[in-house]
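how would this look folded up:
(one chain, ligands or ions: 2)
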Amino acid sequence: MYPLNANKPWPENQWYVAGLSNEIGHDIIGRDLLGRHVILFRDEAGAPHALSGICPHRMLPLEQGRLKGDRVMCGYHGLEFDLEGRCVRSPITPAPPSCALARYPVREHAPLVWIWMGDAARAETTPLPEQELIGLGAAGWRSDQSHYYDLEARYSILIDNLFDLSHLGFIHADIMGEAGAIAFSQPYLSESDGRLVVSRDHLDCPVDPYHRSLHPGLGDRLSTRLDTDMLGICLINAGGPVWDGPDAAGTYQGSQNFIHVLTPASECRTHYWVFVARDFRTEDDGLSFALADQARRVADQDLVALEAIERLLASEMPLPREVSMKTDQGALRARHRLLQMINAEDGPSVAA
Ligand code: FES
Ligand SMILES: [Fe+2]
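Numbers count the residues shown, from 1 in each chain. Ligands and ions are numbered 1, 2, ... in the order given. Sure thing, here's the model as predicted:
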């Protein structure tokens with residue numbers, strides 16, 4: 001399926017984000033994740049859990065049931081399941097042993113709740129992406145949620161978009177203003193510890209109004225670096241530091257990150273959460289509001305483009321042969337990594 005020529009749409013043996021810490025509580029949430037229906041809730045001690053979300057008796061979505069202590073009770077005929085997914089009570093007639101829900105490993109690292117939907121034995125030995133490196137739940141940083149989107153597009157074209165910042169000065173020209181000029185800097189790639197980083201330097205620039213508003217102490221010239229950083233398949237940061245002066249030897253002013261959290265709901269739908277994080281002026285609520293609002297307006301513009309692309313991809317219309325340019329190097333590398341992850345699970349498949 002475009003843009004990945006692979007025999008399945010996503011790798012399974014990865015940590016994905018199931019939801020946010022502050023939305024999972026003592027009521028059951030139903031959510032489609034990786035093409036499966038899942039329920040999310042907290043037990044009486046406050047720990048989050050994820051179970052398959054369709055009752056095996058007559059297929060009721062279990063968010064239409066309720067929690068009874070630490071049991072999930074189906075709302076249709078009252079079957080009760082424990083935290084392991086075992087059916088522990090059948091109020092009318094005994095249920096066969098096969099009556100059970102799948103249990104998915106879950107880990108919480110606020111503000112995110114992560115889920116593992118592949119081979120459960122591998123969850124134990126696979127660390128979560130290091131979200132604190134980009135300021136999510138990290139000391140000295142402030143992170144704020146900007147927005148959640150139920151994106152009607154496949155996750156892979158969102159990753160394309162996030163690794164292709166050459167669009168900043170076009171789709172987002174009205175919001176980015178002069179700061180969008182960084183899109184014209186040549187990107188360079190680095191890969192280590194499972195991370196893929198595409199960076200752009202913008203050195204010795206006049207201070208534009210946007211950066212002046214963020215860092216009032218700047219002199220006449222500034223330098224910035226914009227990294228797009230894939231920390232995990234569903235955690236991508238676009239952001240970086242600002243220095244006062246003509247290069248990175250100048251006084252560090254702070255870093256600002258736009259953090260994109262994405263989990264496929266199905267082949268053509270994606271849960272998309274946007275956060276902003278920064279390590280300067282962390283007590284400034286007004287700045288948080290402004291940055292979160294700006295990130296939402298930027299993502300709104302991407303959403304319109306990506307959903308239009310998805311509608312074309314999903315149609316039967318003939319599409320032109322895809323053309324790539326030098327600036328697409330980062331996005332092509334990101335596609336390659338996705339393919340590597342998928343192929344590592346299912347043997348070789350044809351490259352993108
Ligand atoms: S559908 Fe759940 S108990 Fe019947
Ligand atoms: Fe964008």
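
which ones are touching residue 296?
146, 147, 274 (CB atoms under 8 Å, 6 or more residues apart in numbering). Any C-beta I mention is one placed from the backbone N, CA and C, and that applies to glycine too.

So the second one versus residue 173, what's the distance?
The spacing between residue 147 and residue 173, counted by CB to CB, to the nearest Å, is 21 Å.

which bits of the chain sit near ligand 1?
55, 57, 58, 60, 74, 76, 77, 78, 79 (CB under 6 Å from any ligand atom).

Which residue ranges of the stretch 151-300 of the chain form strands?
Remark: strands assigned in the stretch 151-300 of the chain by DSSP state E, counting those that start in this stretch are 188-192, 195-206, 221-232, 235-244, 252-266, 269-278.

With mean neighbour count as added columns, please give those strands in TSV.
Below are those laid out as TSV (neighbours: other CB atoms under 10 Å):
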stretch	mean neighbour count
strand 188-192	11
strand 195-206	17
strand 221-232	21
strand 235-244	21
strand 252-266	21
strand 269-278	22
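
Quickly note the distance from residue 153 to ligand 1.
33 Å (CB to the nearest ligand atom, to the nearest Å).

Would you agree that residue is in contact with residue 307?
Yes. Between residue 153 and residue 307 there is a contact under CB atoms under 8 Å: 5.4 Å.

okay, those two: which has more neighbours?
Taking other CB atoms under 10 Å, residue 153 and residue 307 do not tie; residue 153 has more neighbours (24 against 15).

Tell me, how many residues neighbour the residue lying closest to the more buried one once chain neighbours are set aside?
Among residues not flanking residue 153 along the chain, residue 310 sits closest, at 3.7 Å (CB to CB, 6 or more residues apart in numbering). Number of residues near residue 310 (other CB under 10 Å) recorded here: 19.

And what about residue 310, helix, strand or coil?
Per DSSP: H, G, I helix; E, B strand; the rest coil, the local secondary structure of residue 310 is helix.

quick one on the thing from earlier: between residue 147 and residue 173, which one's more packed in?
Neighbours were counted for residue 147 and for residue 173 using other CB under 10 Å; residue 147 has more, 16 against 13.

List the strands paired with the helix or strand containing that one, with their directions.
For residue 147, the host element (DSSP states H and E) is strand 142-151. Sheet partners assigned to strand 142-151 using DSSP bridges are listed as strand 269-278 (antiparallel).

angle of the partner strand against strand 252-266?
170 degrees (axes from the mean of the first three to the mean of the last three CA atoms, to 10 degrees).

Quick one: mean pLDDT over strand 269-278.
Strand 269-278 comes out with an average pLDDT of 98.

partner residues bridging the closest residue to ligand 1 within the stretch 201-350 of the chain?
The stretch 201-350 of the chain approaches ligand 1 most closely through residue 266 (22.6 Å), counting by CB to the nearest ligand atom. Using DSSP bridges, the bridge partners assigned to residue 266 are residue 269.

What sits closest to the residue nearest the centre of the chain if chain neighbours are left out?
The centroid of the chain falls nearest to residue 261 when counting by CA atoms, centre = their mean (1.6 Å). Nearest residue to residue 261, sequence neighbours excluded (CB to CB, 6+ apart): residue 273, at 4.2 Å.

can you check residue 160 too?
Closest to residue 160 by CB to CB, 6+ apart is residue 331, at 4.8 Å.

For the lowest-mean-pLDDT helix or strand in the chain, give me every contacting residue.
Among the helices and strands of the chain, helix 173-176 carries the lowest confidence by mean pLDDT, DSSP states H and E, at a mean of 86. Helix 173-176 is contacted by residues 168, 169, 180, 210, 294, 297, 298, 301 when judged by CB under 8 Å, 6+ apart.
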